[in-house]
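Asker: no sequence on hand, only this structure:
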């Protein structure tokens, strides 16, 4: 008799896009661990993927960030054993964490920090990988304490999921961090996470940054619409500087503005590695670093909200809250 | 009595934009070497700067690539002495090599290769620095023999000045090189310089590259109009790949095309370092590597044409030949 599990599946019905189903447990490939999910973080990419699934009339199990216990392992698994408590953010092309069980390649996984609860840990993987890959792979910063000391990072939208973890990672790297925020609570939040300066992205932040004494910024992370911010950050980026971006651009941009500074426009998309099947073990390694940083107290969870119970209604509620787009930190579903 | 020298100076007259003048020798700052120029390479940036000087009604001495003998040194110069034969490409903001003497910061200079004549050596500095900085600083490739073995580089416009030296540098790095060329003589030229494959940039080179068996290219150097080529190279660039560009873009570009591949658009402009006063010694060091490579026979001069004699007419003739934009290799003025 095939063992069944509860999963939340996308439907063909726009008005009712998520449904609970009893389905067989996922196949466990030779390099997979099978994880019993206890918490799942909600990210903007979940919202985007739900839209795409409904538009494409595809039944999919979404959910990327996951935390849980390993309950079985594939024949070639070397790094984990049954009983390990792990976290990860999975792959775009496989069934996700909005289910009781998920099969994940062991290379994408790390042991979850002992000093975080499941929901606290589930807030982190996808946003940390995004922040880590932008700084390490794209900006070329070595991932060691103090390695970027004396360098400045401007984060547009510091209070969101990626911003909240990037501030902390950048401080561990020794960077001076200027974060943007526009509301009292987000200003307070980014300061508490370690931002050295806060400017308002709804005002003329180019002038604000210059008035703080920074004529040029070597590293700029645009964690909000690049279309909206490109011309402003083009004025601030320094010689051989980097503008990193994560939100899809839907209009042509005047990239010639940064030519004479020999600057770069760097896209970061954490699923690009698994989509291409390239260098995927770097993601498990990055999450292992995250666990070290959390254990050492250098990084705290960015969780701010919890939705209780695993159901279609809970996933939909979480989706709707994140889709508004003004998140402070992260929202997690507790199964 | 002030010693005078002949210089070719930009004028305020569009129809007659260059003029010979007798002017005082340049000031030699404490970190400068004063070089008696014997050959000067002509680059597209000279053409652009002449246009800008005439438009701005500025009298300037252009000329970037230079070769010659050190005839005096500033008080703090450590690396060179009178009698050294050096080459360099100088700075945008100082008087250039279209003069009998030029003062250059010693950090921007290297000893010229003994096995090249002055005109052969003068062909190389600016194009080599551009190629080197794109591959090293922008693509993150280590500059050691064979360091990028197994990686593929697509060069759009392989036969021009930068392409001709980049092919050779990439081959020394161990890369597989696909160069574009469209005429019989340019196709022959890029093959002779080491290109493994040649595709035609006037045809559907996206299909041509795929037919060669390359589904994705990690490194693409667009050494021609980015505006014209961006959409094609966006199709070819791989996951976490790089599109490097050197020709100013004058229209907005659909950069969102490379978002899901987490690719980068990297501008390279070799004057960005001296303009910002940052990391300028890296240019002298890169030229010292060039001298090693030429001495070892790993890189040959890219010179294809010489204009004889130092005069306003000679500089103008060289300017006009390069401004046509279909150069094969490099043109040098022999003083």
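Answerer: Everything's here; your move. Predicted model, so just to flag it, every value in this text is computed and none were measured.
Asker: residues contacting residue A:84?
Answerer: Residues near residue A:84 by C-beta atoms under 8 Å, 6 or more residues apart in numbering or on different chains: A:33, A:69, A:70, A:111. Backbone N, C-alpha and C define where each C-beta goes, glycine included.
Asker: swap the cut-off to 10 Å and go again
Answerer: Going by C-beta atoms under 10 Å, 6 or more residues apart in numbering or on different chains, residue A:84 touches A:33, A:35, A:68, A:69, A:70, A:71, A:73, A:109, A:110, A:111, A:112.
Asker: what's the answer for residue A:71, then?
Answerer: Contacts of residue A:71 by C-beta under 10 Å, 6+ apart are A:25, A:28, A:33, A:34, A:35, A:36, A:82, A:83, A:84, A:101.
Asker: run the last query once more with 6 Å
Answerer: Contacts for residue A:71 (C-beta atoms under 6 Å, 6 or more residues apart in numbering or on different chains) come out as A:34, A:36.
Asker: confirm that it sits in a strand.
Answerer: Yes - applying DSSP: H, G, I helix; E, B strand; the rest coil, one finds residue A:71 inside a strand.
Asker: got a list of contacts for the helix or strand harbouring residue A:104?
Answerer: According to DSSP states H and E, residue A:104 maps onto strand A:101-105. The contact list for strand A:101-105 (C-beta under 6 Å, 6+ apart) reads A:5, A:25-26, A:28, A:31-37, A:66, A:88, A:90.
Asker: and if we set it to 7 Å?
Answerer: By C-beta atoms under 7 Å, 6 or more residues apart in numbering or on different chains, the list of residues contacting strand A:101-105 from outside reads A:5, A:25-29, A:31-37, A:66, A:88, A:90, A:95-96, A:280.
Asker: next: stretch A:42-51.
Answerer: A:10, A:17, A:62-65, A:126, A:161, A:318-319, A:322-323, A:331-333.
Asker: mind listing what's buried in that stretch?
Answerer: A:42, A:43, A:44, A:45, A:46, A:47, A:49, A:50 (16 or more other C-beta atoms under 10 Å in any protein chain shown).
Asker: just give me the neighbour total for residue A:203.
Answerer: Neighbours of residue A:203 under the rule other C-beta atoms under 10 Å in any protein chain shown: 11.
Asker: cool, the one 3 residues further on as well?
Answerer: Residues lying near residue A:206 (other C-beta under 10 Å) number 15.
Asker: list the helices and strands the helix or strand hosting it packs on?
Answerer: Following DSSP H and E, one finds residue A:206 within helix A:205-211. When contacts are defined as 3 or more C-beta pairs under 7 Å, 6 or more residues apart in numbering or on different chains; DSSP states H and E, helix A:205-211 packs onto strand A:197-199, helix A:226-236.
Asker: quick check: buried residues in that helix?
Answerer: Quick answer for helix A:205-211 (16+ other C-beta under 10 Å): A:205, A:208, A:209.
Asker: can you give me the pLDDT of the first one?
Answerer: Translated: residue A:205. Listed pLDDT for residue A:205 reads 97.
Asker: can you pull the buried residues of the longest helix along chain A?
Answerer: Ranked by residue count, the top helix of chain A under DSSP state H comes out as helix A:281-295. Across helix A:281-295, burial judged by 16+ other C-beta under 10 Å covers A:282, A:283, A:284, A:286, A:287, A:289, A:290, A:291, A:293, A:294.
Asker: so which of those residues is the closest to chain B?
Answerer: Set against chain B, the nearest of the buried residues of helix A:281-295 by C-beta to the nearest C-beta is residue A:282 (10.3 Å).
Asker: that closest one: what's it in contact with?
Answerer: Counting by C-beta under 7 Å, 6+ apart, residue A:282 has contacts residue A:273.
Asker: still on that earlier bit, possible to save the buried residues of helix A:281-295 as TSV with distance to residue A:313?
Answerer: TSV is the format used below for these (distance: C-beta to C-beta, whole Å):
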residue	distance to residue A:313
A:282	36
A:283	31
A:284	33
A:286	33
A:287	30
A:289	36
A:290	31
A:291	32
A:293	35
A:294	31
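Asker: which of the helices and strands packed on helix A:205-211 sits most buried?
Answerer: strand A:197-199 (a mean of 21; mean count of other C-beta atoms under 10 Å in any protein chain shown).
Asker: helices or strands up against that one?
Answerer: Using 3+ C-beta pairs under 7 Å, 6+ apart: strand A:197-199 touches strand A:176-180, helix A:184-193, helix A:205-211.
Asker: show me what the longest one is packed against.
Answerer: Using 3+ C-beta pairs under 7 Å, 6+ apart as the contact criterion, the secondary-structure elements in contact with helix A:184-193 are helix A:161-172, strand A:197-199.
Asker: can I get those in a markdown table including mean pLDDT and distance to residue A:132?
Answerer: Listed next are those as a markdown table, based on pLDDT from 0 to 100; distance: least, C-beta to C-beta, whole Å:
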| stretch | mean pLDDT | distance to residue A:132 |
| --- | --- | --- |
| helix A:161-172 | 98 | 7 |
| strand A:197-199 | 98 | 23 |
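Asker: pick the most buried one from these.
Answerer: The most buried stretch of the helices and strands packed on helix A:184-193, if neighbours are counted by mean count of other C-beta under 10 Å, is helix A:161-172, with a mean of 27.
Asker: neighbouring strands - and their directions - for the longest strand along chain A?
Answerer: Across chain A, the longest stretch assigned as strand under DSSP state E is strand A:32-42. Paired strands of strand A:32-42, with direction, are strand A:66-73 (antiparallel), strand A:101-105 (antiparallel), strand A:330-334 (antiparallel) (DSSP bridges).
Asker: helix or strand next in line after it, which one?
Answerer: Following strand A:32-42 in sequence, per DSSP H and E, is helix A:44-55.
Asker: so what's the gap between that next one and the chain middle?
Answerer: Offset of helix A:44-55 from its chain centre (C-alpha atoms, centre = their mean, to the nearest Å): 16 Å.
Asker: would you mind getting the angle between it and helix A:161-172?
Answerer: 150 degrees (axes from the mean of the first three to the mean of the last three C-alpha atoms, to 10 degrees).
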